[in-house]
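> mind looking at a prediction? Sequence and model below.
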Amino acid sequence: MDEADWQNWRWQYRNRIRTEKRLSELLGEMPEDVKLLRAVIRTYPFSITPYYFSLIRNQDFNDPVRLQCVPDSREISFSLGGVDDPLAESRDMPLPGLIHRYADRCLVMVTQRCAMYCRHCNRKRLWTKGAETSSSLQSMIDYVAASPGIREVIVSGGDPLTMPESVLDKFLGALHAIPHVEVLRIGSRMPVVLPMRITPSLVRMLRKHRPLWFNTQFNSPREITPESAAACERLVDAGIPVSNQSVLLRGVNDDYETMRELLYGLQRISVRPYYLFHCDPVRGADHFRVDLWKGMEMMERISRQTSGLCVPRYVLDVPGGKGKMPLQTFSLLNESFLV
């Protein structure tokens, strides 16, 4: 590997860490640890880009980057009652991969592939499923075209930026050609886990389909690097707004100082802190879940002591079409001027 390879997203993608042997070599795991690792990945596979792996601090088992990417025995040994489909997405799928829960928008899961499989993902149940097919993408386009109430389409997955650029271009173009579709949104963690993927060519393609909004997911200030900042800047410079949807994760960002550093860092790179999601009760990620009251207390302090441009909405995503429930703080309850 040379510097040109390292900066090449295709090299990064081809050389993802995907076997227990390679991961244990890099981490220096003991044989008993390898056995635990093997048991976990039989249920929940893993994939880590060399770039993202390079952010791990060696020998720190509580490193916030490591916690998000390296399989953990708690994924199969610890449970708080998490379920495979915590948001009951399958109940709102009129066809495979398309979620139509709200009247004015729908979400399309165009692929199940990711450059990296985040250990807290609320779609862990889909990691072993197949990837996109042209027929399924066309079915999604046909459904949206036949649903005049849909004005916004959220393109998600998996990670849509793992798709061939030409396929994604054609898909976005077909959606944009539907008269009642006003806005497209892409959800991708590529700026965080594989920032090299945000190439000038990709950005030019995405720019053709504006108004297009880009949502990503930074969870730790350690993920804000010169590479990830440059990836976001390329999008912003092309007139594509970038927003961030963090997940509150135990040991990663569940304390005031870390969260404030993350939010300040996002503002510095022109990424809008949009949502902070309370971790969904998904099976295999229960060890990440933070007490709801602790999260509210932390966000109360954030809202009082941090610039409003830095403060995301702290929400709990509720199944059954109930939407994102704001986890409001209670600062006003003790204010005398309300009496």
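Done, it's in.
> hang on, Leu316 in a strand?
Yes. Using DSSP: H, G, I helix; E, B strand; the rest coil, the assignment for Leu316 is a strand.
> tell me the pLDDT at Thr133?
The predicted local distance difference test score for Thr133 is 66.
> go on, Ala88?
Here the pLDDT value assigned to Ala88 is 91.
> which ones are touching the residue nearest to it when sequence neighbours are not counted?
Distance criterion C-beta to C-beta, 6 or more residues apart in numbering; nearest residue to Ala88, sequence neighbours excluded, is Pro319 at 3.9 Å. Every residue, glycine included, has its C-beta placed from N, CA and C. Going by C-beta atoms under 8 Å, 6 or more residues apart in numbering, Pro319 touches Pro86, Leu87, Ala88, Arg91.
> from what I can see His278 touches Leu316, true?
Yes. With contact taken as C-beta atoms under 8 Å, His278 and Leu316 are classed as touching, separated by 4.5 Å.
> and the most centrally placed residue in the chain, how far from Tyr274?
Among the residues of the chain, the smallest C-alpha distance to the mean C-alpha position (C-alpha atoms, centre = their mean) belongs to Gln217, namely 4.6 Å. Using C-beta to C-beta, to the nearest Å, Gln217 is found at 10 Å from Tyr274.
> count the neighbours of Pro164 for me.
Burial measure for Pro164: 9 neighbouring residues, criterion other C-beta atoms under 10 Å.
> do the same with Gln138
Counted with other C-beta under 10 Å, residues neighbouring Gln138 total 12.
> mind pulling up the pLDDT for it?
You'll see Gln138 listed with a pLDDT of 96.
> next, the buried residues of the helix or strand hosting it.
Secondary structure assignment for Gln138, by DSSP states H and E: helix 134-145. Residues of helix 134-145 classed as buried by neighbour count (16 or more other C-beta atoms under 10 Å): Ser136, Leu137, Ser139, Met140, Ile141, Tyr143, Val144, Ala145.
> with those in mind, which one is nearest to Met1?
Ranking the buried residues of helix 134-145 by separation from Met1, with C-beta to C-beta as the measure, puts Leu137 on top at 34.4 Å.
> excluding chain neighbours, what is closest to that closest one?
Phe171 (5.5 Å).
> list the residues that contact that neighbour.
Val110, Leu137, Ile141, Val155, Met163.
> returning to that earlier point: what's the helix holding Gln138 packed up against?
strand 98-102, strand 105-109, helix 165-176 (3 or more C-beta pairs under 8 Å, 6 or more residues apart in numbering; DSSP states H and E).
> any idea of the angle the longest one forms with helix 134-145?
Looking back up the chat, that one is helix 165-176. 20 degrees (axes from the mean of the first three to the mean of the last three C-alpha atoms, to 10 degrees).
> show me what counts as buried in helix 165-176.
Of the residues in helix 165-176, those scored as buried under the neighbour-count criterion (16+ other C-beta under 10 Å) are Leu168, Asp169, Phe171, Leu172, Ala174, Leu175, His176.
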